Each structure stands twice: as structure tokens, then as C-alpha cells.
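Enquirer: Sequence and predicted structure are below.
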Amino acid sequence: MDIEFNKNEDSLKQLCFQLKSRHQKVALGGGEKAIAKQHEKGKLTARERIKYLLDEDSEFLEIAAFAGEGMYQEYGGCPGGGVVAGIGYVKGRQCMVVANDATVKAGAWFPITAKKNLRAQEIALENRLPVIYLVDSAGVFLPMQDEIFPDKEHFGRMFRNNAIMSSEGIVQISAIMGSCVAGGAYLPIMSDEAMIVEGTGSIFLAGSYLVKAAIGETIDNETLGGASTHSEISGVTDYKFETDQECLDHIRNIFDKMGDNPKAGFSRTTSAEPKLDPKEIYGLLPQDRVKPYDMMDIIHRLVDNSEFEPYKDLYGQSLICGLARIDGWAVGIVANQRKIVKSKKGEMQMGGVIYSDSADKAARFIMNCNQKKIPLVFLQDVSGFMVGSKAEHGGIIKDGAKLVNAMSNSVVPKFTILIGNSYGAGNYAMCGKAYDPRLIYAWPTAQLAVMSGASAAKTLLQIQVASLKAKGEEITPEAEKELLDKITARYNEQLSPYYAAARLWVDGIIDPLETRKVISMGIEAANHAPITKPFNVGVIQT
């Protein structure tokens with residue numbers, strides 16, 4: 001291995017170490033003291049509950065672990081968005097688990113909490129996955145109620161989703177393992193079955209203090225809405241248990257007896273590891289994000305047996321299209337080629353840029369995958385579409401629109417991995433978050449923005465300098481450099497994959513070696529949802 005490989009390897013491994021460290025911090029939720037308080041009450045934490053519930057030694061694909069990171073600092077932060085969610089296995093059956101983290105503001109709902117819960121429900125709904133809610137929440141975080149309560153994608157949307165999933169036969173099981181108050185009380189009771197833990201679980205529309213204030217009645221919370229009340233008097237809950245463990249055991253018993261549903265029928269054979277070592281990805285991905293590299297080197301270390309069947313490999317070479325298997329699942333891969341390539345006309349094409357011929361090829365490939373019922377995987381390292389008079393005269397907008405149309409209307413499940421750059425319209429064409437990927441994850445090397453940091457900073461600087469000059473103010477070279485540095489620092493912070501993950505623009509950040517797991521578990525989930533809609537691209541300019 002050469003020195004460049006070693007430098008790349010050291011850089012990416014360091015980023016992965018930082019990722020692991022940051023995740024360990026997030027996993028502590030509200031901190032060790034808050035965890036100890038949960039244990040003193042005889043309660044498991046959200047992560048302990050999930051670990052106990054899921055099959056031993058089974059995989060768990062966490063969703064939005066970094067939700068809320070760096071946000072709401074004026075309120076002490078909201079690690080993980082105050083909830084833990086992900087796809088796991090109960091009695092061998094894949095499901096979505098959503099658990100309130102009572103160590104974070106008593107499980108109160110911030111705006112990002114609602115967004116994360118809705119994303120978990122969206123994944124369950126799209127893939128027809130059973131949902132298990134482990135409820136332990138103080139309800140809406142009142143200082144921010146105006147940002148969480150009334151709008152379409154706010155708190156109330158969750159109960160609407162409960163009703164929609166129930167009507168579509170998607171099983172929902174709820175366990176009330178702590179507080180469950182006000183509007184939040186509808187979530188477990190709109191589930192198919194609800195259970196409650198004695199002594200710690202409670203559910204009511206208004207707590208004892210509010211009842212006293214509203215109607216003058218004096219009553220304690222346990223009598224008002226505890227386990228005995230709702231299991232023996234009101235009939236609101238179906239089962240009562242003495243401990244968290246007994247409650248979770250019963251959920252496992254329910255899943256043990258559930259029937260199966262029709263599958264989508266995606267092709268899967270026996271899984272095979274890549275013949276080329278996936279760990280070599282660390283050294284193959286350049287530390288310098290503008291440096292070219294061969295994306296095929298990455299693909300061969302992600303796919304089974306390192307086997308890849310290219311589609312039109314001599315045409316439109318700035319996009320790689322082809323068929324492969326990942327953990328046995330057949331996939332169609334669309335990836336940005338980062339090396340400099342020569343076009344059919346003998347012209348040199350920059351790596352990571354989408355040209356007209358590439359867009360045309362990818363659109364046709366996506367159509368073929370829909371025809372053959374093959375899930376699509378997008379590997380993003382894209383700077384955008386080619387610009388300039390030659391590209392415009394050649395119809396780059398028309399060909400780009402063709403690609404976006406085919407990708408948008410695709411009925412097979414789509415999965416997106418952000419490897420490096422994800423800029424501008426390139427993010428859109430390569431199935432960014434706005435285009436409904438079933439899952440979208442980023443490597444620690446990813447950057448997500450309308451344009452690169454250098455380009456954006458120079459553009460913003462020109463605008464600000466022009467504005468100052470229009471006011472008659474002169475700016476010295478020193479002041480201009482200081483302004484550029486300030487703009488660059490602010491913009492670079494927003495480029496970070498953690499900034500994107502905090503806001504749920506991506507479902508998470510992963511070590512490159514986890515890519516196969518994400519795609520495999522994603523397709524397994526998608527296979528629960530038969531395709532019922534025909535593929536139709538509507539009007540396309542040719």
C-alpha cells in the first residue's frame with residue numbers, strides 16, 4: 001500500500017472513531033445520574049428496554065441516533081431527540097421499535113422528537129412493519145408548544161398515523177412503562193393492544209394538578225390513571241404487569257403467535273462476502289474530497305463476491321449503473337463516478353459531475369429496474385450537474401429532468417448512501433431525502449449542501465461586499481479576509497453530516513463497513529410491502 005492509501009486510511013478511521021465516541025455519548029441520553037434515577041424507580045432505560053425486547057444477538061438498525069444534536073441548548077439540549085428508535089427483530093420478525101427516553105427531560109416532546117417519531121412511523125408504514133411503542137413521556141415540552149402542537153407534521157400527526165396503520169392491518173403494540181399524559185395518551189390506546197406496568201405506568205388526559213385546577217377534584221395520579229384503574233375499572237389497557245421485564249416478555253409472546261403477510265418478492269440468494277476486503281475502503285476513499293478516485297473500487301468492496309454487472313459502461317461514464325447482490329439481495333446500483341473519464345466524443349469529464357449522457361443512461365436504467373422489480377441503491381458523491389453554455393445547449397436540463405422524473409416515480413424501494421459530496425441538484429437526482437428513499441444514511445465523510453463550502457463562501461462574500469459598497473462603505477483586504485473566514489466557518493458547520501443527522505435530513509451516520517447491513521435490512525423491511533402501484537413516468541421530454 002502507498003503512503004496516500006495510509007493517509008486516507010488514518011483519516012477515515014479517525015472519523016469513524018469520532019462517530020463511535022459521539023454515539024456512545026448520545027446513548028447515555030440525559031446522563032448517568034438520570035439513568036440511575038430510572039433504576040431507583042425500578043425502571044429500565046429506553047435502550048435497556050429495547051435490548052431486553054429484541055432477539056438475543058440480533059441486528060438493530062438505529063434510526064436518527066443524532067437527532068437534536070447541538071439543538072435546544074437554551075433548554076439543556078435534547079440528546080437523540082429524547083427517543084430511541086430503530087428496526088430490530090422480535091421472535092425472528094422484523095419490526096419498528098420506538099421508545100421514549102425518560103432520562104431526557106422526562107421524555108418530553110421537542111419539535112425534533114415529533115419529527116423523529118413521524119419518521120419512524122413513515123418507515124413502518126412504507127414497509128408495513130409492525131410497531132412496538134415503549135411509552136414513557138411527560139408529553140409536549142411546553143416552552144416550545146407552538147413549534148410542536150398545531151401544524152400538519154407536528155405532534156397530532158402521530159395519532160393520525162396510528163389510525164392509518166391500523167386500517168391497513170399494520171400491527172401496533174404499546175407498553176405504558178412510565179408517564180403517558182394529555183394528547184399523548186391516545187398513542188397507546190390507538191394501538192391494537194396496550195399494556196401497563198404497575199407502580200410506574202400511568203395514563204390520563206390530565207394529571208392530578210390540572211384536574212384540581214379545572215374541576216376542583218382532589219385525587220392522586222395512581223387512582224386517577226394508574227395500572228389498576230385502567231386494567232380493572234376503565235378497561236383502557238388490556239394487560240397489567242409488575243415489572244418492565246414481564247411486560248416486554250408479553251410483547252414477545254404476542255409476536256411469537258402473529259401470522260405472516262404477503263411479500264413483495266424481491267430476489268434473494270445465499271449471501272456472500274465481497275472477495276475484495278471492505279476494510280480497504282478506508283484507504284481508497286481520498287482524504288481530499290476534490291481528488292478523483294474510482295467508485296468501482298468502492299462498489300467491489302460492498303457487493304457479494306465483488307461481482308458487478310455494468311449497464312452501458314462505455315456510455316455516460318460519469319454515472320455508474322449496474323446490477324449486483326448485497327447480502328444476497330439483488331440491487332440496481334446508481335453511483336457517481338469520481339474519476340476523470342473520457343466521453344464518447346473524446347471529451348474529458350470531471351468526476352462527480354452529472355452530464356447529459358449520464359443522466360440519460362441512469363434514467364433508462366432506473367426504468368429497467370422498475371420493470372424487473374429490482375430495488376435501487378444510490379451511492380452519492382456528487383458535485384452537481386454540468387453547467388456552462390455547452391451543457392445548456394446540449395439539453396442538460398432536459399436530460400436531468402428525465403433522470404429526476406424516472407427516479408421520483410420509481411415504485412421499487414430506493415436506498416441512498418451519502419459517501420462524499422451531496423451538492424445542489426445532484427442531491428435531488430441521486431435520490432436525496434425529498435425523493436422518498438426508504439432509508440438514507442451518510443458516511444462520516446459526507447457533506448450535504450446546495451454547493452461546496454468554498455464556492456458558497458466566495459459567493460456569499462461577493463454579495464456582502466457588494467452590499468457594503470452600495471452603502472458607500474469601503475472594505476480593506478484584511479477585513480474582507482476576516483469576513484470570508486467567518487462565512488466559511490459558519491457554512492462548513494452546516495456541511496457536516498452531524499448537522500444533517502441532527503435535523504433528520506439523513507437517517508443516521510454509519511461506518512462504511514455497516515453499509516451492507518443498512519441496505520440488507522432495508523430491503524428485508526421493504527419486502528414486507530408488496531408493490532401495488534404501476535410504474536409510470538408521465539411526460540418526459542426526449
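Expert: Cool, got the structure. Residues are numbered from 1 along each chain as shown.
Enquirer: Phi first, then psi, for Val197.
Expert: phi -100, psi 130 (degrees, to the nearest 10).
Enquirer: C-alpha coordinates for stretch 392-411, PDB please?
Expert: Only the C-alpha atoms of stretch 392-411 are listed here, as PDB (Å, rounded to 0.1, in the frame of the first residue of the first chain):
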ATOM      1  CA  GLU A 392     -27.100  24.100 -21.700                       C
ATOM      2  CA  HIS A 393     -27.100  23.900 -25.500                       C
ATOM      3  CA  GLY A 394     -26.800  20.100 -25.200                       C
ATOM      4  CA  GLY A 395     -30.000  20.000 -23.100                       C
ATOM      5  CA  ILE A 396     -28.600  19.200 -19.700                       C
ATOM      6  CA  ILE A 397     -31.800  20.500 -18.000                       C
ATOM      7  CA  LYS A 398     -33.900  18.200 -20.200                       C
ATOM      8  CA  ASP A 399     -31.800  15.100 -19.500                       C
ATOM      9  CA  GLY A 400     -31.500  16.000 -15.800                       C
ATOM     10  CA  ALA A 401     -35.300  16.300 -15.700                       C
ATOM     11  CA  LYS A 402     -35.600  12.900 -17.300                       C
ATOM     12  CA  LEU A 403     -33.500  11.300 -14.600                       C
ATOM     13  CA  VAL A 404     -35.300  13.100 -11.800                       C
ATOM     14  CA  ASN A 405     -38.700  12.000 -13.300                       C
ATOM     15  CA  ALA A 406     -37.700   8.400 -13.500                       C
ATOM     16  CA  MET A 407     -36.200   8.300 -10.000                       C
ATOM     17  CA  SER A 408     -39.200  10.200  -8.500                       C
ATOM     18  CA  ASN A 409     -41.800   7.900 -10.000                       C
ATOM     19  CA  SER A 410     -39.900   4.700  -9.200                       C
ATOM     20  CA  VAL A 411     -42.100   2.200  -7.400                       C
END
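Enquirer: State the mean pLDDT of it.
Expert: Here stretch 392-411 scores 87 as its mean pLDDT.
Enquirer: residues contacting Ala501?
Expert: For Ala501, the contact set (CB atoms under 8 Å, 6 or more residues apart in numbering) comprises 64-67, 69, 442, 508-509. No exception for glycine: its C-beta is placed from N, CA and C like everyone else's.
Enquirer: between those, which is nearest Asn427?
Expert: Checking those against Asn427 with CB to CB, the nearest one is Ala442 at 11.5 Å.
Enquirer: from memory the closest one sits against Ile510, does it?
Expert: Yes - under the criterion of CB atoms under 8 Å, Ala442 makes contact with Ile510 at 7.4 Å.
Enquirer: Have a look at those two and say which one is more surrounded.
Expert: Ala442 (26 against 23; other CB atoms under 10 Å).
Enquirer: ok, the more buried one to Trp329 distance?
Expert: Per CB to CB, to the nearest Å, Ala442 is found 21 Å from Trp329.
Enquirer: again, but for Pro310
Expert: Pro310 is 19 Å from Trp329, by CB to CB.
Enquirer: which one of the two has more residues nearby?
Expert: Under the criterion of other CB under 10 Å, the comparison of Pro310 against Trp329 puts Trp329 first, with 24 against 14.
Enquirer: List the beta-bridge partners for that one.
Expert: Using DSSP bridges, the bridge partners assigned to Trp329 are Arg268, Ile326.
Enquirer: That one reaches Pro375, doesn't it?
Expert: Yes - under the criterion of CB under 8 Å, Trp329 makes contact with Pro375 at 6.9 Å.
Enquirer: Having no further points to raise, I will conclude here.
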